[in-house]
Structure formats: C-alpha cells, structure tokens
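Participant: Got a predicted structure here, sequence first:
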Amino acid sequence: MSESFQPVSSRADFHARYQRPAREQAAFWFAQRARLQGAWLNWVATELYQLSPPEYASMVRRELQALTGQ
C-alpha cells in the first residue's frame, strides 16, 4: 500500500483523512501474521519503521495494537 499524503491544516484533519488507510494498512499487515508466524513481529516492526510520515506510522501502530489486543 502506498499512500500519497497531502498537507492538512490540523492534526484532527490528518487523523480524519488518513484513519481509514491506517486501518486498512494495519489489517493487511495483521493478515500476514499467520503466514509469517514467528517472523511476523520483526517484519511488522521493520515495516512500521519505514512508514512515513511518523504521524501516520503511529496511527497504523495503534490500529495494529487494537487488532492484537494489546
């Protein structure tokens, strides 16, 4: 998934605009858990590290936490 980020006027606007893509990204990564098994955690950490901007990476991380029950 590749998202093109547009400038927004506030944090709330950013969140509103990119919440759905963040949920979709997290769901896609979470679906890889069964396939990757023990390697999933390192893989997803690497993916999060490469994600930009940091605000979006945080949104995806929170969605992943919700999916994993943490």
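Facilitator: Nice, thanks for sending it over.
Participant: spatially speaking, which residue is in the middle of this structure?
Facilitator: Relative to the mean C-alpha position of the chain, the nearest C-alpha, by Cα atoms, centre = their mean, is the one of residue 60, at 2.3 Å.
Participant: What strand or helix carries that one?
Facilitator: Secondary structure from DSSP states H and E places residue 60 in helix 54-68.
Participant: Which neighbouring elements make contact with the lengthiest helix in the chain?
Facilitator: In the chain, with assignment by DSSP state H, the single longest helix is helix 11-31. Here helix 11-31 touches helix 54-68, going by 3 or more Cβ pairs under 8 Å, 6 or more residues apart in numbering; DSSP states H and E. All C-beta spots, glycine's among them, are computed from the backbone N, C-alpha and C.
Participant: in the chain, what residue sits furthest out from the centroid?
Facilitator: In the chain, the greatest distance from the average C-alpha position (Cα atoms, centre = their mean) is reached by residue 9, at 21.4 Å.
Participant: In terms of helix, strand or coil, where does that residue fall?
Facilitator: coil (DSSP: H, G, I helix; E, B strand; the rest coil).
Participant: List the contacts of residue 61.
Facilitator: Contacts for residue 61 (Cβ atoms under 8 Å, 6 or more residues apart in numbering) come out as residue 48.
Participant: cool, and the one 3 residues further on?
Facilitator: Contact analysis of residue 64 by Cβ under 8 Å, 6+ apart lists 26, 29, 30, 44, 48.
Participant: follow-up on the earlier one: next SSE downstream of the longest helix of the chain?
Facilitator: helix 33-36.
Participant: Quick one: distance of that following helix to the chain centre.
Facilitator: 17 Å (Cα atoms, centre = their mean, to the nearest Å).
Participant: again with stretch 59-68
Facilitator: On Cα atoms, centre = their mean, the centre of stretch 59-68 falls 7 Å from the chain's centre.
Participant: Alpha carbons only: can I get that stretch in CSV?
Facilitator: Extracted in CSV, the C-alpha atoms of stretch 59-68 (Å, rounded to 0.1, in the frame of the first residue of the first chain):
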residue,chain,number,x,y,z
MET,A,59,-1.9,5.6,13.6
VAL,A,60,-1.1,2.3,11.9
ARG,A,61,0.7,1.1,15.1
ARG,A,62,-2.3,1.9,17.2
GLU,A,63,-4.6,0.1,14.8
LEU,A,64,-2.2,-3.0,15.0
GLN,A,65,-2.3,-2.8,18.8
ALA,A,66,-6.1,-2.9,18.7
LEU,A,67,-6.1,-5.9,16.4
THR,A,68,-3.6,-7.8,18.5
